[in-house]
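**Q** Quick one, what's the 3D model for this:
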Amino acid sequence: MSFVNDDPCELDVIKSVLKNVFSSQIHIVRYKSLAGGLTNMNYLVDLDEMRLVVRVSSKEGSLLAIDREREFYNSVAAFNSGAGVPVYGCSLDPIGLVVGFVSGKTLNSGDLREEAVLDRIVAACKRLHNGPEFKGRFDMFEIQRTYLGIVQERGFRLPPRYLSYLDKVDELKKAIARRPESLVPCNNDLLAENFIDDGEKIWIIDYEYSGNNEPSFELGNIWSESNLDVDALERLVELYYGTVTREKIARARAWGLMSKYGWTLWASIQEAVATIDFDFWEWGMEKYARAEEELTSPIFHSIVRDLDT
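**A** Now for the predicted structure:
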């Protein structure tokens with residue numbers, strides 16, 4: 001792995017975060033920018049006797065409903081559960097988080113199409129869900145409303161027909177609320193790249209949106225983020241609950257739908273405020289297209305019906 005040390009601005013920020021976390025000047029041997037972050041700049045940093053990941057975040061995170069103090073608290077809880085990596089500390093100015101580096105493969109959506117990988121992912125989720133309680137509640141319906149208020153107030157872009165589906169979203173919310181699940185500590189943003197496979201176990205990283213939530217949201221979000229087929233969703237449900245029922249499938253699928261619909265507005269906000277070179281609108285519209293397909297098809301009515309079975 002090649003490292004670079006040629007950007008003094010980056011290096012100054014990394015040093016400031018590390019100084020705030022360790023309360024002293026730290027000797028950085030080398031560092032490397034890591035790809036993949038959409039709300040942070042991530043750096044692999046070698047110290048004299050330690051390899052760390054330093055995540056540097058912008059203040060715009062508050063628009064995205066990210067609470068950095070809660071992220072830090074829940075990252076520590078995730079480590080204590082055995083699902084998350086070690087956490088060394090956080091910095092509030094500059095905003096940053098310092099965690100341990102785990103050597104392994106960052107998964108992609110193709111990996112999640114392998115049944116054996118799904119087995120191990122569910123095991124990782126169970127470790128997290130059975131661990132210490134998180135701080136805060138994650139509710140995608142509330143998040144979506146918050147995002148919508150920001151988008152409308154600031155005049156950010158809305159996808160075509162987005163508002164026309166609010167009645168169906170309310171219908172889905174009422175159906176989900178009739179038979180709530182017990183809340184567990186959840187990551188709530190389980191795209192494939194937030195799983196690291198070290199060959200022995202799968203680690204779950206990135207707790208920006210973490211909070212206590214229904215486990216079925218976690219399953220539906222995994223399914224949605226990697227655009228898996230229905231057989232994979234059934235497999236996730238069976239592995240997690242030990243059985244497959246129409247209600248559990250519908251619940252996970254409902255959360256997957258709401259995840260796509262809600263994160264679409266995340267993309268709208270990011271398109272307007274983010275400085276990262278990434279096509280957030282295209283990313284969001286891909287999710288919205290899949291959400292709209294379900295909202296306008298008989299599948300939606302099947303989901304609502306099966307939530308009551």
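**Q** who are the neighbours in contact with K19?
**A** K19 makes contact with 25-26, according to C-beta atoms under 8 Å, 6 or more residues apart in numbering. C-beta coordinates here come from the backbone N, C-alpha and C atoms, glycine included.
**Q** need the helices for the stretch 101-250 of the chain, in chain order.
**A** Along the stretch 101-250 of the chain, counting by DSSP state H, counting those that start in this stretch, helices occupy 115-129, 140-154, 166-177, 215-225, 230-241, 246-273.
**Q** Dihedrals phi and psi, K32?
**A** Note on K32: backbone dihedrals following degrees, to the nearest 10 are phi -150, psi 130.
**Q** surely it meets Y43?
**A** Yes. Counting by C-beta atoms under 8 Å, Y43 is a contact partner of K32 at 6.7 Å.
**Q** More neighbours: these two, which one.
**A** Y43 (24 against 15; other C-beta atoms under 10 Å).
**Q** That one: what secondary structure?
**A** Under the three-state scheme (DSSP: H, G, I helix; E, B strand; the rest coil), Y43 adopts strand.
**Q** repeat for the one 10 residues further on
**A** Taken by three-state DSSP, the conformation at V53 corresponds to strand.
**Q** Report the beta-bridge partners for it.
**A** Counting by DSSP bridges, V53 is bridged to L44, V99.
**Q** low pLDDT regions in the protein?
**A** Across the chain, the ranges flagged by pLDDT under 70 are 1-9, 36-38, 60-62.
**Q** Please parse it into its domains.
**A** Using automatic domain parsing, the domains assigned to the chain come out as 8-100, 105-306.
**Q** now, of the helices of the stretch 101-250 of the chain, which is deepest in the fold?
**A** Across the helices of the stretch 101-250 of the chain, the average number of neighbours (mean count of other C-beta atoms under 10 Å) peaks for helix 215-225, which reaches a mean of 26.
**Q** residue contacts, Y88?
**A** Contact analysis of Y88 by C-beta under 8 Å, 6+ apart lists 21-22, 52, 98-100.
**Q** Which among those count as buried?
**A** Buried by 16 or more other C-beta atoms under 10 Å: 21, 52, 98-99, out of the contacts of Y88.
**Q** Can you lay out those residues as a markdown table showing distance to P185?
**A** Shown next, in a markdown table, are these (distance: C-beta to C-beta, whole Å):
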| residue | distance to P185 |
| --- | --- |
| V21 | 23 |
| L52 | 24 |
| V98 | 21 |
| V99 | 17 |
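**Q** just curious, which of the residues you listed is nearest to T243?
**A** Distance to T243 across the buried ones among the contacts of Y88 (C-beta to C-beta) is lowest for V99, with 35.8 Å.
**Q** For the closest one, which residues are in contact?
**A** Contacts here follow C-beta under 8 Å, 6+ apart; on that basis V99 touches 52-53, 55, 75, 85-88, 205.
**Q** Ignoring the adjacent residues along the chain, who's closest to S103?
**A** Ranked by C-beta to C-beta, 6 or more residues apart in numbering and with sequence neighbours excluded, the top spatial neighbour of S103 is D198, at 6.4 Å.
**Q** Same question for E69.
**A** C90 (7.5 Å).
**Q** Quick check: the one you found touching L97?
**A** Yes. Under the criterion of C-beta under 8 Å, C90 makes contact with L97 at 5.0 Å.
**Q** so what sits against both of those two?
**A** 68, 71-72.
**Q** could you dump those to TSV with distance to L166 and neighbour count?
**A** Converted to TSV, the shared contacts of C90 and L97 look like this (distance: C-beta to C-beta, whole Å; neighbours: other C-beta atoms under 10 Å):
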residue	distance to L166	neighbour count
R68	30	18
E71	29	25
F72	34	20
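**Q** Tell me the one of these nearest L47?
**A** The closest of these, once distances to L47 are taken by C-beta to C-beta, is F72, at 20.2 Å.
**Q** Please tell me how far the closest one sits from V85.
**A** 13 Å (C-beta to C-beta, to the nearest Å).
**Q** repeat for F138
**A** Using C-beta to C-beta, one gets 20 Å for the distance from F138 to V85.
**Q** Comparing the two, which residue is more hemmed in?
**A** More neighbours surround F138 than the other of F138 and V85, with 23 against 17 (other C-beta under 10 Å).
**Q** Would you list the phi and psi of that one?
**A** Phi and psi for F138, reported as degrees, to the nearest 10, are phi -100, psi 120.
**Q** contacting residues around the residue lying closest to it once chain neighbours are set aside?
**A** Distance criterion C-beta to C-beta, 6+ apart; nearest residue to F138, sequence neighbours excluded, is G211 at 3.3 Å. By C-beta under 8 Å, 6+ apart, G211 lies in contact with 70, 74, 134-138, 185-186, 188.
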